[in-house]
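Asker: The following block contains a protein sequence and its predicted model.
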There are 2 protein chains.
Amino acid sequence: MTDNKVTENKYIAQQINEANKVAVERLMSVQPILTDVDTALNVIPGMTPKTILHSGPPITWSRMCDPMKRAVKGALILEGLTKDNKSAERLMKTKEITLSANHSHGSVGPMTGIISASMPVIVTKDLTYGNTSYSTFNEGGGKVLWFGAVEEETINKLLFIRDEFAPVMKKVIKRIGGIPIWSVLAQGIQMGDECHNRHAASTNIFLKNIVETLFSINISKEKAFKVYKFIAGNSHFFLNITMTACKLAMVGASDIKNSTIVTAMSRNGTDFGIRVSGLGDNWFIAPSPLLLDALYNPGYGLDDGAPDIGDSSIIETMGLGGFAIAAAPSMASFAGGGFQESVNITKKMGQITTTKNSKFGIPCLDFEGTPTGIDIRKVVETEILPSINSAVIHKSSGAGQIGAGIVHAPYECFTRAVMAFGKHYDLAA
Amino acid sequence: MTDNKVTENKYIAQQINEANKVAVERLMSVQPILTDVDTALNVIPGMTPKTILHSGPPITWSRMCDPMKRAVKGALILEGLTKDNKSAERLMKTKEITLSANHSHGSVGPMTGIISASMPVIVTKDLTYGNTSYSTFNEGGGKVLWFGAVEEETINKLLFIRDEFAPVMKKVIKRIGGIPIWSVLAQGIQMGDECHNRHAASTNIFLKNIVETLFSINISKEKAFKVYKFIAGNSHFFLNITMTACKLAMVGASDIKNSTIVTAMSRNGTDFGIRVSGLGDNWFIAPSPLLLDALYNPGYGLDDGAPDIGDSSIIETMGLGGFAIAAAPSMASFAGGGFQESVNITKKMGQITTTKNSKFGIPCLDFEGTPTGIDIRKVVETEILPSINSAVIHKSSGAGQIGAGIVHAPYECFTRAVMAFGKHYDLAA
């Protein structure tokens, strides 16, 4: 390399580092507040009565994985656009229905991540930059849309959430005025949550925040109890709320010229995509991987799982979940059993990130902050892949969740992003 | 030593080990259930309208430390036995009032631990051996009797607890039928509680257990809220409940012939005492130590603190609290700052105990159980002293709590117990 070339490379690296510093500072300064509950059609930008939003990068009907297709059909039934699975299949072929990625609408959803027009959504606002993000309420376990398990009870639960649960929650949240999400998660991290697959403490803290209001607003005790029980019975309830906060952090860090910070990791069960701050809304895509390190429900194994799916890896993009697994020793079984394995994963994630987020001090690491701000250069250089805590859906039977474990973001997404970055900024290296 | 002597010693050691095994098995098999709330006079054995129970080994009025005296006077005012501090002082000199140790009445109380006749008490029953234990409700922070800070607001709070809070809690607990205490603590240990100085998670879990009932029993919403707020506003609320459970475990392990297992550690702010399973209800006493490793509130230091006080070290006797500090990294500041220090303490406590309690898996130690069943022989041999998480009260001003930290049980208690054991069982060694 000529001396000129070395000097130029150093200059470029410096520019990128400075841009990344800005991106990460913006990401850390976001203040997400759960402020409202509303109907998707009313609030999500670009939503129409015939739009179905889904997780992951944009995808066509024909390329969608089986569980996501099942969830789309369920949403069409919920919306009254069709009566059953068969007619839903026909309807999808007419192309009357618009499929669109959550991320293109300021939204996020776990697993299949389906949002349709009449669904109630969480409305989260960032006090710092004024952005808004949306997600559905978490449905809990069993036959549920987010896991692509669609039966009569699935639709009934969605109707309960829409017609009974959400109106009460709207009143509660409006009365409280807003719930600061980082504050709940910061406490959760001290109580064994990694804030992706484990939200047991955060959900308890959320409940504690709303109980007084829930039982003091002007509704029947019976109604209040139904709402209380729905939340108390689902330790994942806070998951979708966490996702809206992480989404806002990433929107805050987006579109910084020269920045190589990852602003989204997401999968639709077919493709795994990432976005990069200095590269706008482009997705850098590779095939979505299977969960090689997963614990399966009895009777199921690797062969039964669909490729990884969901927008929930926005949580790891924010340095929580898999990146914070050392905070949640009960997740150690995913990491191969030992607590030290969990610590090693968090330490490794420190090698591909830019800073430590002191808001989330990991107790057993002497309150060291969570490793935050993935740099595509570091992933490519070190070949350390972002570690994501995830769940597995059956690939074809409609059984819903069959396991949970760890998955790694594909290396190709990062090499493609680095190449696109070089091209975009006209860099030789 | 003659061969005969060696053989005899081996035989004795074997007998003790077997007895300890029985004691520890009994301790572990206790199933404490919070079953009721009642008035001290109604339920505590030996309670009279003119009895004041206190923490620690038995002590006379003249030898009581200042904060405990203040708390006794507060209780006399609450009971209407006297009007103010001065007349209380006079009353105490008449000897009309009986002072007695909580432990002599199946009871326990944190810090000054005062229980008087009209106070409401938690009633906890052990399903395995049928024993019952009692404690007051935790008053929370500020000017409170348990910290010997007695002002008008102290009495008002006690009146609220007695006349408003406890009747509601009685209804709630009766309706629920009983709350299994180990189950709450086992979850707490997974969420960063060591179950002595940190009960944040356990208190949340307890709340979650009672909320539905609290808001469905036939009382006004306003009343239910007052009760809810009182609990939700005090992260130590579950402390006294934990203590009743630990007390029952120790009662279960008591009076096993030949056993050297510690069944109580307790202090009254003047003396520190321990009880041993094979030695009945005797206390082995030494001066109560100051908290050398404590964090003091601004303006206070070691010189301001009273010697260690309270029955709450029944928690360490059970292998929780200081023994489980590795489960609560947020307590690390007590241990000298580092997380590793906390782990070291828990590991050390393993050297003076008999077993690991798998009910309470410490997350960061790969769910190794808490070190349980202190053996007086091991303490004397290793000179490792039981590590107790505690709080500091001002020694003379009535300011209440001025700090918190770690204290060690005095070595002398254990040497005295070992000597008494030798004498009792007519052992030469």
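Answerer: Cool, the structure landed.
Asker: if I read this right, residue A:300 contacts residue A:401, doesn't it?
Answerer: No. At 9.7 Å, residue A:300 and residue A:401 do not qualify as touching, with contact defined as Cβ atoms under 8 Å. (C-beta placed from N, C-alpha, C; glycine too.)
Asker: More neighbours: which of these two?
Answerer: The neighbour comparison of residue A:300 against residue A:401 (other Cβ atoms under 10 Å in any protein chain shown) goes to residue A:401, with 21 against 18.
Asker: coming back round to it: overlap in contacts of residue A:300 and residue A:401?
Answerer: Listed as contacting both residue A:300 and residue A:401 by Cβ atoms under 8 Å, 6 or more residues apart in numbering or on different chains are residue A:392.
Asker: how much space between the spatially closest residue to residue A:177 that is not a sequence neighbour and residue A:241?
Answerer: Leaving aside its sequence neighbours, residue A:177 sits nearest to residue A:35 (Cβ to Cβ, 6 or more residues apart in numbering or on different chains; 7.9 Å). Note on residue A:35: its distance to residue A:241, by Cβ to Cβ, to the nearest Å, is 11 Å.
Asker: Common neighbours of the two, please.
Answerer: By Cβ under 8 Å, 6+ apart, residue A:35 and residue A:241 have these common neighbours: residue A:124.
Asker: between those two, which one's more packed in?
Answerer: Neighbours were counted for residue A:35 and for residue A:241 using other Cβ under 10 Å; residue A:241 has more, 23 against 18.
Asker: per-residue confidence for the more buried one?
Answerer: pLDDT, residue A:241: 98.
Asker: Likewise for residue A:330?
Answerer: Value for residue A:330, per-residue pLDDT: 81.
Asker: Quick one: mean pLDDT over the lengthiest helix in chain A.
Answerer: For chain A, the helix with the greatest residue count under DSSP state H is helix A:3-29. The average pLDDT within helix A:3-29 is 92.
Asker: got it, and stretch A:249-268?
Answerer: Taken as a whole, stretch A:249-268 has a mean pLDDT of 98.
Asker: which residues touch residue A:326?
Answerer: If a contact means Cβ under 8 Å, 6+ apart, then residue A:326 has A:342-343, A:345-347, A:362, A:364-365 as its contacts.
Asker: Only the buried subset of the residues you listed, as a PyMOL command please.
Answerer: A single PyMOL command selects the buried members of the contacts of residue A:326 (16 or more other Cβ atoms under 10 Å in any protein chain shown):
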select buried, chain A and resi 342+343+345+346+362+364+365
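Asker: Next, see if the one helix or strand residue A:369 maps to gets close to chain B.
Answerer: Here residue A:369 sits within strand A:368-374, counting by DSSP states H and E. No. Shown here: strand A:368-374 not in contact with chain B (Cβ under 8 Å from any Cβ of the partner chain), separated by at least 9.6 Å.
Asker: next SSE after that strand?
Answerer: Next along the chain after strand A:368-374, taking DSSP H and E as the criterion, comes helix A:376-382.
Asker: which helices and strands does that following helix pack with?
Answerer: Contact here means 3 or more Cβ pairs under 8 Å, 6 or more residues apart in numbering or on different chains; DSSP states H and E; on that basis helix A:376-382 packs against helix A:411-424.
Asker: hmm, who's touching the helix it packs on?
Answerer: Contacts to helix A:411-424, defined as Cβ under 8 Å, 6+ apart, come from residues A:260, A:262, A:265, A:272-274, A:276, A:278-279, A:282, A:284-286, A:376-377, A:379-380, A:383, A:385, A:427-429.
Asker: Show me which residues of the stretch 251-400 of chain A sit near chain B.
Answerer: Going by Cβ under 8 Å from any Cβ, the residues of the stretch 251-400 of chain A near chain B are A:329-330, A:332, A:337-339, A:363-367.
Asker: try 6 Å
Answerer: A:329-330, A:338-339, A:363-364, A:366 (Cβ under 6 Å from any Cβ of the partner chain).
Asker: ok, and the most crowded of those?
Answerer: Highest neighbour count within these: residue A:329, with 27 neighbours (other Cβ under 10 Å).
Asker: Would you mind confirming that that one is in contact with residue B:361?
Answerer: No. Contact between residue A:329 and residue B:361 fails when scored by Cβ atoms under 6 Å: they sit 9.0 Å apart.
Asker: tell me, how many neighbours does the residue in the stretch 51-200 of chain A that chain B sits nearest to end up with?
Answerer: Closest residue of the stretch 51-200 of chain A to chain B, Cβ to the nearest Cβ: residue A:191 (3.9 Å). When neighbours are counted by other Cβ under 10 Å, residue A:191 registers 25.
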